[in-house]
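Undergrad: Predicted model and sequence follow; I will ask about them next.
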Amino acid sequence: MLLGALRLFSSLAVAAIMLFAIVAPLASVIYARGVDGRVYVVVPRSFVEWFERQGYSLGSLVIAMGSPSDYEGYGFWLRKVDGERLPLDFRRVAESWAKHYSEKGKGEGSLGLPTLSITITLNRGVEECVAHYTYSTVEYFMEIGFDVAQATIKAIEDPLAHLRKPLTVTLRPAMPNGEFKVVCTDTTPHLEELKRITDSLLTTKSSTRDIASIGETQSCPSWFTEVWWITLYDNRNNPPQGWMTNIYSVYGQPIPDNWKMYVWEFYATRYSQAYYYRADTYSLERAKEITLDWLKLPSEGLYTMDRWIIRMFDLMYDRKDVQWKDYWENYGEFPSWQGYPAYIGFEVYNPNLKQIQALASIGVVANRQERLGIAVLGLIIYSDSRVIRTAFTEPIGSNPNYSYHKGYVIVSTSYAYMYDGLLVHLDVNRVIVGSCGEYWRVVPYTAIMPIYYVAVDWHDRQRVYSTDPNFYPDFYRDLLYQASRDTICSRYISREEADKVLCSDRSSEYAAGGNVLASLATNVLSKAVETVMLNLICGSNLVCNFFVIMITLGVNFIYEDIEWTAIAFSFYLETLSSIQDTFIRVDKMTLWATNAYNSIGWRPLMVEYKVYIDYNPSPPRPR
């Protein structure tokens, strides 16, 4: 047992103790000095050409900043801003950060930093790709000459330093603390599965499923559309009740109901279509750009409903006073939830009480950055940066004298709703249409969803155990279903001595491949989704079911740690005494980007191991 414990925890402990010490409390910053919040992002032509030289088709550039109580984002078509200097106004978000530090302080576990989230969508063939980078106070201090350790300490001392005067950020392949790392995946199979699931909401299928030409009648048009999201399209004349009541004028001016209906019809019609373009006539980049024109959007991304409504009514009716009422405007409160969810756990079935122990651990290194954000179809679209201010290695171990035993490391975590959001992401595939040849098919992935802030206090954590199968940590049943379940060990053991490792799994094993987006990931919190649906006043409207499915099966909150320097976990299954004639199997439940969409219907933690010792688990039950 001692051997296993040493093996399990030594690498993390050495990293935590030898490399970094916990920063001592520093003098408080006088936040009343004020902030500016204006940001200028320079997009050099050489930066755009860097992607093109690698064979990527260009897409959107989305720049956003969030705080515990606010969010703002701007989107551009990358080709159109090549060589430009983009003026962005984050003054409201900067002021909300100043207020947050003034009221809440900086905490002990981790410190949230005002962060520019920079996301570029690309394509490599039919694969969707994202190049993502976060620019926070740490990167600001590194850019003016401090090394990463010094910059981290300076950021803790004054997390608002980069926003006290206008900030200029120049985009380059290699940024101050890392690079624009491109990650690609083929999202089309998942999109087609989502179509199958959402189509099943309707008992009577609409005839609009047939391909219909837009503006052209020849048998092989250069472009046409087909209804893809049938549930959304079939409700184009039936918006949720909240749609009509949440659209208002900031000046109290009347807004005709037929205008509100037309904007809903526009959304439910245009955003439910698949757009087809002849591959020998249109480039992939041009196909996506035209699709965004049809949607009246400058880019893909996560829009606040407020910003999207303002844009639509401005473009359609030249009304700049029309906005959207979020939940807090209707109900007078910003919903928030706090508890102790699990970040790693195990569940052991051992009916014959074989002397085999499951050992798991999660470790965090102090003075390193973690990034928390949102992933859509496995691709990061937004994240903010935190400095971890505490170092630890937290182990849990099973008791082989119980036929059933579970254990978790739980960490204080808070969730705060901010806004209703509108998500738009484009999936591209190359398809053959009858005898007409190859077409680019562009499908908008869309949903009205919550924008909420997640804060983790690594300093406040616990170990919990139970022999009750019905015991679950906080929020375990509040995560919307969707995870992967992968068997990492399955073997029969005729005989084995004590202190032998039977199965192991470590986060470091996944870093070498270079295709891992996040060290940890979790499903969207159902309470936040319920808040949005309550604001929409859904009733029995099926389009709300459509939104929930799109969020459940396509959106994750991620704890990003691309370079594997801040967060790590490990798992071992080992013998405590000699065993014989034993069957073992270990299943891993998680939301790794590389396999997050292979299986639907399992409820994940961040990482959870199901251990079966001489026990045959039943097959998965259908959802």
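TA: That came through, no problem.
Undergrad: Tell me the pLDDT of residue 593.
TA: pLDDT for residue 593: 40.
Undergrad: Which helix or which strand is home to residue 430?
TA: strand 404-432 (DSSP states H and E).
Undergrad: Let me fix that, I meant to ask about residue 439.
TA: Counting by DSSP H and E, residue 439 is found in strand 438-466.
Undergrad: Report the rounded mean pLDDT for that strand.
TA: 93.
Undergrad: ok, now stretch 531-549?
TA: 92.
Undergrad: what's it in contact with?
TA: With CB atoms under 8 Å, 6 or more residues apart in numbering as the test, stretch 531-549 has contacts from 194, 197-198, 201-202, 229, 231-232, 234-235, 238-243, 245-246, 268, 325-327, 330-331, 335, 417, 420, 447-450, 480, 529. Placement of C-beta: from N, CA and C, glycine included.
Undergrad: can you pull out the strands in the stretch 101-250 of the chain?
TA: For the stretch 101-250 of the chain, the strands defined by DSSP state E, counting those that start in this stretch occupy 110-113, 116-124, 127-135, 167-170, 174-175, 178-179, 181-185, 223-227, 247-249.
Undergrad: Let's have those in CSV, adding mean pLDDT, mean neighbour count and distance to residue 579.
TA: Listed next are those as CSV, based on pLDDT from 0 to 100; neighbours: other CB atoms under 10 Å; distance: least, CB to CB, whole Å:
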stretch, mean pLDDT, mean neighbour count, distance to residue 579
strand 110-113, 88, 24, 41
strand 116-124, 95, 23, 48
strand 127-135, 92, 23, 46
strand 167-170, 98, 17, 58
strand 174-175, 92, 14, 52
strand 178-179, 83, 14, 46
strand 181-185, 85, 18, 41
strand 223-227, 95, 20, 59
strand 247-249, 97, 18, 66
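Undergrad: Can you check which of those gets nearest to residue 153?
TA: With CB to CB as the criterion, residue 153 lies closest to strand 110-113 of the strands of the stretch 101-250 of the chain, at 11.3 Å.
Undergrad: Tell me the buried residues in the strand holding residue 439?
TA: 439-459, 461, 465-466 (16 or more other CB atoms under 10 Å).
Undergrad: was I right about residue 73 contacting residue 300?
TA: No. Using CB atoms under 8 Å, residue 73 makes no contact with residue 300, being 11.1 Å away.
Undergrad: Distance from the chain centre to stretch 155-171, please.
TA: 25 Å (CA atoms, centre = their mean, to the nearest Å).
Undergrad: Quick check: next helix or strand after the helix or strand of the chain with the lowest mean pLDDT?
TA: Here the helix or strand of the chain ranked lowest by mean pLDDT, DSSP states H and E is helix 2-14, holding a mean of 34. Counting by DSSP H and E, the next helix or strand C-terminal to helix 2-14 is strand 38-42.
Undergrad: For that next one, report the contacting residues that lie outside it.
TA: Counting by CB under 8 Å, 6+ apart, 63, 65, 84-91, 116, 118, 166-171 sit against strand 38-42.
Undergrad: could you redo the last one with a cut-off of 6 Å?
TA: Here strand 38-42 makes contact (CB atoms under 6 Å, 6 or more residues apart in numbering) with 63, 85-88, 90, 166-170.
Undergrad: partners of that strand in the sheet?
TA: Here strand 38-42 has these sheet partners by DSSP bridges: strand 85-89 (antiparallel), strand 167-170 (parallel).
Undergrad: where are the low-confidence patches of the stretch 201-350 of the chain?
TA: 203-218 (pLDDT under 70).
Undergrad: Helices along that one, start to end?
TA: For the stretch 201-350 of the chain, helices defined by DSSP state H, counting those that start in this stretch occupy the ranges 230-234, 241-246, 257-270, 284-294, 305-317, 327-331.
Undergrad: just how off-centre is the longest one within its chain?
TA: In other words, helix 257-270. 29 Å.
Undergrad: And the last one, by the same measure?
TA: Here the centre of helix 327-331 is set off from its chain's centre by 25 Å, with CA atoms, centre = their mean.
Undergrad: could we number from 369 for the rest of this?
TA: Done: numbering now begins at 369, and the last item shifts to helix 695-699.
Undergrad: buried stuff in that helix?
TA: Buried, per 16+ other CB under 10 Å, within helix 695-699: 695-696.
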